[in-house]
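S.K.: Fold the following.
(chains A and B)
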Amino acid sequence: MKSLEELKAIRDKMQGQVGLRAESEASTRVVVGMATCGIASGARPVLTALADAVAEKQIPDCSVTQTGCIGLCQYEPIVEVIQPGKEKVTYIKMTPEKALEIVDKHLIRGQVVTEYTIGNALK
Amino acid sequence: MMTEISLNILDVTENSTRAGASVVHITVEVNEERDLLKVLIEDNGCGMSKEQLASVKDPFFTTRTTRKVGLGVPFFREAALQANGSFDIESEPGVGTKVIAEFQLSNIDRMPLGDITGTIHQLVIYHPDTDFVYTYVFNDKSFTMDTREFREILGDVPFDTKEVSDYIKEYLSENKYNTDNGKNI
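M.R.: Okay, the predicted model is just below:
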């Protein structure tokens, strides 16, 4: 059974590291649309897969967050990757599997997975 | 249409956080004897006017500007009504909003509760400015998670730190298991 004592131990362990985290502002932002349209089309497992993979693979300076309706409901679940100095990449009709591909190819190796982008769908 | 009751909870609770709520109470109650599954979401956000409240069940009403339909509340309501249940929403400007959905537990058209642990976890992790009090009741057993307790212990260590996030997920799933013995609801 999880006790609050356990949480205290985590706090003591983490407190020293918090300062470091705050100083290095996350430079890559991964944003998942989490409004009715996103949730209904399966955004929750996509967000979980992304957050777990980013934490597990210890990708530096990368934050995974959620947002509301992006206004492209027919393409949900949508994942946006925003990096400084680069054009925003919008991935559409995501699944947890496709999301993991994006972690490996885009976030780790820096290669945009063109076949899942909205630009590719509109061609 | 959502496929799980927990997804409706996720969606409707997003409205609470966007309404600026500092505390959201979520209660999921399963009672086999009364053949009832009840969901209560209560926030202290900005609330709604009488006019807004009257139109919120209408799919063609939304406060957002990115699209013209708002299906969150209508989806939740339909899910309850199709399972021989009931749906009620009360709100007062400046006080908050309360949503109550009841489902007939054994009804063939009742959608599964689904991944409620994942839903609550996600709400907690991605809304660092909102506190959540989540109560899960199964027959005569229950447990409550109060993020204000976590916050008091953690101080400035954020909820989305991997260790803390993992702790909260395990906390939720262990307590749920101890309450309902892992029963598929």
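
S.K.: what's the neighbour count on residue 110?
M.R.: Picking chain A for this. 9 (other C-beta atoms under 10 Å in any protein chain shown). Every residue, glycine included, has its C-beta placed from N, CA and C.

S.K.: that's the other chain; I wanted chain B
M.R.: 19.

S.K.: so what's it up against?
M.R.: Contacts of B:Arg110 were listed using C-beta atoms under 8 Å, 6 or more residues apart in numbering or on different chains, and they are B:Ile5, B:Leu37, B:Ala83, B:Gly85, B:Phe103, B:Gln104.

S.K.: Find the helix or strand that the second one is a member of.
M.R.: So the one you mean is B:Leu37. B:Leu37 belongs to strand B:36-43 when assigned by DSSP states H and E.

S.K.: re earlier: from the contacts of B:Arg110, list just the buried residues.
M.R.: Neighbour-count burial (16 or more other C-beta atoms under 10 Å in any protein chain shown) is assigned, among the contacts of B:Arg110, to B:Ile5, B:Leu37, B:Ala83, B:Gly85, B:Phe103, B:Gln104.

S.K.: for chain B, which helix is longest?
M.R.: When chain B is parsed with DSSP state H, its longest helix is helix B:162-180.

S.K.: average pLDDT across that helix?
M.R.: The average of the pLDDT scores along helix B:162-180 is 94.

S.K.: residues of that helix that come out buried?
M.R.: Taking 16+ other C-beta under 10 Å as the criterion, helix B:162-180 shows B:163-165, B:167-169, B:171-173, B:175-176, B:179-180 as buried.

S.K.: Residue ranges in the chain under the pLDDT threshold?
M.R.: As the question left the chain open, I've gone with chain A. Low-confidence segments of chain A, defined by pLDDT under 70: A:1, A:18-26.

S.K.: wrong one, I was asking about chain B
M.R.: B:64-69.

S.K.: go again using 90 as the cut-off
M.R.: Where chain B drops to pLDDT under 90, the residues are B:1-2, B:50-72, B:155-158, B:160-162.

S.K.: What residues does it have near chain A?
M.R.: B:1-2, B:7, B:10-11, B:14, B:18, B:64, B:66-67, B:70-72, B:75, B:115, B:118-119, B:122, B:125-126, B:149-150, B:153-158, B:161-165, B:167, B:170-171, B:174-175, B:178 (C-beta under 8 Å from any C-beta of the partner chain).

S.K.: Show me the strands in chain B, by range?
M.R.: Along chain B, the stretches classed as strands by DSSP state E are B:23-31, B:36-43, B:86-92, B:96-104, B:131-138, B:141-146.

S.K.: TSV for these, including distance to A:Val46?
M.R.: Putting these into TSV (distance: least, C-beta to C-beta, whole Å) gives the following:
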stretch	distance to A:Val46
strand B:23-31	22
strand B:36-43	23
strand B:86-92	28
strand B:96-104	25
strand B:131-138	22
strand B:141-146	24
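
S.K.: Format the buried ones among the contacts of B:Arg110 as a markdown table; extra columns: distance to A:Gly68.
M.R.: Below are the buried ones among the contacts of B:Arg110 laid out as a markdown table (distance: C-beta to C-beta, whole Å):
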| residue | distance to A:Gly68 |
| --- | --- |
| B:Ile5 | 22 |
| B:Leu37 | 28 |
| B:Ala83 | 28 |
| B:Gly85 | 28 |
| B:Phe103 | 27 |
| B:Gln104 | 32 |
